[in-house]
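S.K.: following is a predicted model, sequence given first.
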Amino acid sequence: MTPGALVIGYGNVLRSDDGVGWHIAERLDNDPRFDDVTVLQRHQLTPELSLDVSRADLVVLVDASQGHPAGTFTIERVSAVEHSTTTWTHRMEPATLVGLAQELYGHSPEVHLVSVGVASLDVGDRLSPALEAAVPRVVDAMAELLAARIGQHLVADGSRA
Amino acid sequence: MSSQIVIDPITRIEGHSKITIHLDDAGEVVDAQFHVTQFRGFERIVQGRPIHEMPSIMARICGICPVSHLIASSKACDAILAVEPPPTGADLRRVMNLAQIVQSNALSFFHLSSPDLLFGFDADPAKRNILGVAQANPQLARDGVGVRRFGQQIIEWLGGKRIHPAWVVPGGVDAPLSAETRDRILSTIPEAMAAIERALAWYKSSLLRWEDEAASFGDFRSAFMGLVDEAGNVDYYDGRLRVMDADGNLLADRTDPRDYQEYLGEAVEPWSYLKSTYWKMLGYPDGVYRVGPLARVIVAAQMGTPRADLELDEFRRRLGRVPASSFHYHYARLIDTLHAAERIDELLRGPDILSPRVRSFADVNANEGIGVSEAPRGTLIHHYRVDDDGIVEWANLVIATGHNNLAMNRSVRQVAKRYVKSAQLSEPMLNRVEAVIRCYDPCLSCSTHALGEMALHLQLIGPDGAVLDEIRR
């Protein structure tokens, strides 16, 4: 891996699978495939992260999703929005975060959102068995994504080659 | 035909609540109520828990101001252990508490309220958000990000994480400060102060634009309460209570906050889970008083740091000694934030700040303890009773938003009467009703829920239950 890659795992670790992003981020610490990746754990996306995002070349956000079958996941490219449609309280949508990075710091990197389907949002600090089983697959997919996309960035950015 | 308007939920505040506006037969506003609709029940949850768990449990009350609860809870536990933290331990607690003030105030001013202040209360709601601020005034938005990160980073560097750090413990703090961390924090202070002062300059240059709102956003006579030190200057960690009335007379001074039950009453209304605290001498509900940044800058003789004192002098020249309008919470919040940054700098330059003696150890030595501090939103009181083994039997929390509950209800009524006309519900009208609540920055204990978007839903309902008008966003 190379400097410039950022992973943000976010969610509520006291609501079981809602914390899957946080749990995944934790597991990257001991995975050599992520040695040069900056990893952050947060309860939610907030405007302060726009500075971190703007400083990265490649960002992977990892969140729980109620819109996916439990244990399945998708990886989608996130584009910056120019206008926020949310009545923000103290969390924000990924596209708004990317838009904020662009507006404030003039750089919105390539951003991907990993959404992992949840089985339980009950009170609890552990993942459900379905999510425990899914986490290694998600981590492998993230490693592949980062390796492939960082390769592209190195080709595109001759100064880093 | 009488009817009522419901705003549910209120947006850009910490937590979940709604507002009901009651209209008379002529369609005029006769009453309005601010309902807190979430129930947490921490005072019951902690019963049966050992006293050493209390700070960590109580910090979970909120994801925005966990440090405030850590501080007040640890102070209550200090009393039960009958210990005084070593001076360095107390100073390090102060630093973290001040960092909490900074980051929470920044959230309130820059992220929640600046869209209204920048674009005006009649502006298109589509741009009244942080992205809109970033496009219209990127420096203001960058300063918001910078100031909040400054406070959050100090908490993280001291406590290991930004939210729910466990570093503040009964008896002091868990680990001493390293020279590296001290220097790291000190290096970030000039930039944070510059950002706060830019925001102050922008705010002051815009004051005239909001004259109409300032005249109706909670513009009424009340008392103000806050902690002050021996010199009468603002004190966030310790100190004595000072209560000042609308004419600047002292209702109480140098009062021991641990005697709060003698002069503060707590009333419960069936339409809200939030208690209404009142000044007993004036009775209920007349005993309304306000706490938080506006109260702090009013009751204190001075802030006690050079740059904040200059700003306070100007604040008083512009608005008088006891400005009545809650709109001025915004202005006071910026002065509060500037002072907090200055105090962090002062404390970190103290000769003993790197001392390894940061914690006192003891077992249970008393059956009752009360901890009081200033949270971002005002005076915070934790009161516990334990058995001889240190098991919690009873707890009472008086939070800043409870102190302000009567004032918030009065403010909502005032704004509703000024702006709400039943025939035509409009977005600017509703925004002002919400915005007056945001002045107080109420913390309804929230932050880490897995919830969907907070939409605004307002209905005008006739006596027969029919929806006469409706707005969603």
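M.R.: Ah, there it is.
S.K.: quick one: secondary structure of residue B:58?
M.R.: Using DSSP: H, G, I helix; E, B strand; the rest coil, the structure places residue B:58 in helix.
S.K.: er, residue B:217 I mean
M.R.: Under three-state DSSP, the three-state class of residue B:217 is coil.
S.K.: so what pLDDT did it get?
M.R.: pLDDT, residue B:217: 92.
S.K.: give the contact list for it.
M.R.: B:325, B:326, B:327, B:411, B:414, B:415, B:432, B:435, B:436, B:439 (C-beta atoms under 8 Å, 6 or more residues apart in numbering or on different chains). Glycine gets a C-beta too; all of them are placed from N, C-alpha and C.
S.K.: select only the buried ones of those residues in PyMOL?
M.R.: For the buried members of the contacts of residue B:217, the matching PyMOL selection, counting by 16 or more other C-beta atoms under 10 Å in any protein chain shown, is:
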select buried, chain B and resi 325+326+327+411+414+415+432+435+436+439
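S.K.: any idea what sits nearest residue B:88, other than its immediate chain neighbours?
M.R.: Nearest residue to residue B:88 in three dimensions, chain neighbours excluded: residue B:355, at 4.1 Å (C-beta to C-beta, 6 or more residues apart in numbering or on different chains).
S.K.: what ranges of chain A fall below the confidence cut-off?
M.R.: A:1-3, A:83-91, A:153-161 (pLDDT under 70).
S.K.: change it to 80
M.R.: Low-confidence segments of chain A (pLDDT under 80): A:1-3, A:82-91, A:150-161.
S.K.: helices of that one, start to end?
M.R.: For chain A, the helices defined by DSSP state H occupy A:20-28, A:49-55, A:94-105, A:129-156.
S.K.: the residue lying closest to residue B:48 once chain neighbours are set aside: how many residues sit nearby?
M.R.: Residue nearest to residue B:48 in three dimensions, not counting chain neighbours: residue B:391, with 6.3 Å by C-beta to C-beta, 6+ apart. Residues lying near residue B:391 (other C-beta atoms under 10 Å in any protein chain shown) number 13.
S.K.: next up, the contacts around residue B:391.
M.R.: B:48, B:49, B:50, B:51.
S.K.: can you pull up the most central residue in the chain?
M.R.: Reading this off chain A. Ranked by distance to the mean C-alpha position of chain A (C-alpha atoms, centre = their mean), the top residue is residue A:61 at 1.1 Å.
S.K.: wrong chain, I was asking about chain B
M.R.: Nearest to chain B centroid, counting by C-alpha atoms, centre = their mean: residue B:377, 1.4 Å.
S.K.: how far away is the closest residue to that residue other than its chain neighbours from residue B:434?
M.R.: Excluding the flanking residues, the one nearest residue B:377 by C-beta to C-beta, 6+ apart is residue B:400, at 3.7 Å. Distance from residue B:400 to residue B:434, counting by C-beta to C-beta, to the nearest Å: 19 Å.
S.K.: looking at these two, which is more packed in?
M.R.: Neighbours per residue (other C-beta under 10 Å) separate residue B:400 from residue B:434, with residue B:400 holding more: 27 against 22.
S.K.: pretty sure residue A:33 contacts residue A:150?
M.R.: No. Using C-beta atoms under 8 Å, residue A:33 makes no contact with residue A:150, being 11.1 Å away.
S.K.: between these two, tell me which one has more neighbours.
M.R.: Higher neighbour count among residue A:33 and residue A:150: residue A:150, with 21 against 15, using other C-beta under 10 Å.
S.K.: contacts only, for the residue nearest to residue B:214 when sequence neighbours are not counted.
M.R.: Sequence neighbours aside, residue B:327 is the residue nearest to residue B:214 in space, at 4.2 Å (criterion: C-beta to C-beta, 6+ apart). Contacts for residue B:327 (C-beta under 8 Å, 6+ apart) come out as B:210, B:213, B:214, B:217, B:218, B:219, B:436, B:439.
S.K.: for residue B:327, give its distance to residue B:140.
M.R.: In this view, residue B:327 and residue B:140 are 18 Å apart by C-beta to C-beta.
S.K.: first-to-last residue distance for stretch B:217-229?
M.R.: Terminal residues of stretch B:217-229 lie 30 Å apart, using C-alpha to C-alpha, to the nearest Å.
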